[in-house]
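Colleague: When you get a sec, could you give me coordinates for this:
(one chain, ligands or ions: 1)
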Amino acid sequence: MEISTLVNPRQVILLTARAKGRDNVMALAWHTPVSYDPPMYAVAIYRGWFTCGLVRASKVFVVNFMPKSSAPAVLICGRKSGKKMDKFAASGLDKEEAEKVKAPRIKQALGYLECRTVRSVNVGDHVVFIAKVLKARLKSKGKRLFHLGGDRFTTTTR
Ligand SMILES: Cc1cc2nc3c(=O)[nH]c(=O)nc-3n(C[C@H](O)[C@H](O)[C@H](O)COP(=O)(O)O)c2cc1C
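Modeller: As a prediction, this is how the structure comes out:
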């Protein structure tokens, strides 16, 4: 059985990263807090994705929590590779500069975590990046985006 059938719905975030003169954004549903003190967060990125190489190189990334209304933009970021295209332009998402790490952030996000990787673990076909949260901010309490499977999403009640 496909694991996703059991573990979904999961909140989908957009992970933004910068390295080698490139800014990129990808959709990511496999993420979790792993420590309160110090505040730590983990994300799992398939080793073949463009973003994986960027995070390996820069050791920093931003987790952007997105509103339900951003589903079409999130699908673009989750279906196309940024290797040869600018997904910010393609999805209509606006970039802003993160404060604590050298990476882009997404203006339309409801909140974000700015993270610096302290360890990476090769786990099967994905790399788990364990990172310290250098800045966490909730900008507004909109309805969040949760992935059901395929192109389908659901949301929170408030
Ligand atoms: C809803 C959704 C959730 C996703 N979750 C993950 C994830 O947790 N980890 C991952 O490696 N890829 C995930 N993906 C796939 C990547 O976002 C996708 O392959 C993307 O095109 C990679 O972009 P890049 O090549 O620019 O890095 C997800 C895609 C979607 C649509």
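
Colleague: The ligand contacts on the chain?
Modeller: Contact residues, the chain versus the ligand (C-beta under 6 Å from any ligand atom): 12, 24, 26-30, 44-46, 49-51, 75, 78-83, 126, 147. Where you see a C-beta, it was placed from the backbone N, CA and C, and this is true even at glycine.

Colleague: Can you turn the buried part of those into a ChimeraX selection?
Modeller: Here is the ChimeraX command that selects only those of the residues of the chain next to the ligand that count as buried (16 or more other C-beta atoms under 10 Å):
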select :12,24,26,27,28,29,30,44,45,49,50,51,75,78,82,126,147
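
Colleague: Looking at the residues of the chain next to the ligand, which are in strands?
Modeller: Secondary structure from DSSP state E places Asn24, Met26, Ala27, Leu28, Ala44, Ile45, Tyr46, His126, His147 of the residues of the chain next to the ligand in strands.

Colleague: The second one pairs with what?
Modeller: Right, Met26. Beta-bridge partners for Met26, by DSSP bridges, are Leu15.
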